[in-house]
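Engineer: what would the 3D arrangement of this be:
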Amino acid sequence: MGKHMLIGQAEFNTLVTFLGMLCASVQGVTGFYAAYLQRRAALLKTNDILARAHRAFGGFSTALYAVGLMAGLTGLIGALTINNPPMELNSPSFNIHTWGSFIVLGIVGWKTAVSYFNKKRMYRKKWLGIAMFLAWAYTWVTAVISYYVRTLPSNPQHPAPTVLLPYSLMGVQIAIPFVLGGGIGWWIVRRAKAWQAEQDAKRARRAK
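Structural biologist: From the prediction side, this is the model:
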């Protein structure tokens, strides 16, 4: 038998963030199409294809964010109490990702609360969707940079990636969830437009 493929904790956490960014990208495309291209945020409720996709991928991204948040909080508590992982206050990647994450937490918490408990308000505040996407993008990009910096021979805190691309392709790795999520979102929008055209045709036939 071949060697087992082992994934370190840091790489696993980065993969969770990768999946969350992918789901947030899908939700971002569907939300942008409805709220800005069509100027009808209510399509996210009335168009069956958009409604199901937007809700499903939004739920996935929220769940993945919660998983990543637990891992991040555990790491921060360890850094503050026993310096494991190291509290690297002189590291830009550590500071940008760690302290910026508190702003991200506020945006995600606000958007999630409005989405689940005050849906009508969310449709009026369309910019909340953009803020959520940017918060996810910030989390993903800073997490990936922070992870890769700590796999270098000069700072070997984590093993080299097993599933993620190597350090030399970090830019490609950063782009992948945006490209995949955008492609999935575009496919969903095409199906949503076809569904809407079919419904409009049915209403037109009934009106005759």
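
Engineer: pLDDT-wise, which helix or strand of the protein ranks last?
Structural biologist: helix 119-124 (a mean of 62; mean pLDDT, DSSP states H and E).

Engineer: any low-confidence regions in the protein?
Structural biologist: Residue ranges of the chain with pLDDT under 70: 1-5, 118-125, 208.

Engineer: longest helix of it?
Structural biologist: Identified as the longest helix of the chain according to DSSP state H is helix 170-207.

Engineer: just checking, what packs against it?
Structural biologist: helix 9-32, helix 48-81, helix 127-149 (3 or more C-beta pairs under 8 Å, 6 or more residues apart in numbering; DSSP states H and E). Every residue, glycine included, has its C-beta placed from N, CA and C.

Engineer: most packed of those?
Structural biologist: Comparing the helices and strands packed on helix 170-207 by mean neighbour count (mean count of other C-beta atoms under 10 Å), helix 9-32 ranks first with a mean of 23.

Engineer: helices or strands up against that one?
Structural biologist: helix 48-81, helix 127-149, helix 170-207.

Engineer: I'd like these laid out as JSON lines, including distance to residue 94.
Structural biologist: Listed next are the helices and strands packed on helix 9-32 as JSON lines, based on distance: least, C-beta to C-beta, whole Å:
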{"stretch": "helix 48-81", "distance to residue 94": "9"}
{"stretch": "helix 127-149", "distance to residue 94": "7"}
{"stretch": "helix 170-207", "distance to residue 94": "17"}
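
Engineer: quick one: closest of those helices to residue 22.
Structural biologist: Nearest to residue 22 among the helices and strands packed on helix 9-32 is helix 170-207 (4.0 Å), distances taken as C-beta to C-beta.

Engineer: report the buried residues of the closest one.
Structural biologist: In terms of neighbour count (16 or more other C-beta atoms under 10 Å), helix 170-207 has its buried residues at 170, 173, 174, 177, 178, 181, 184, 185, 188, 189, 192, 196.
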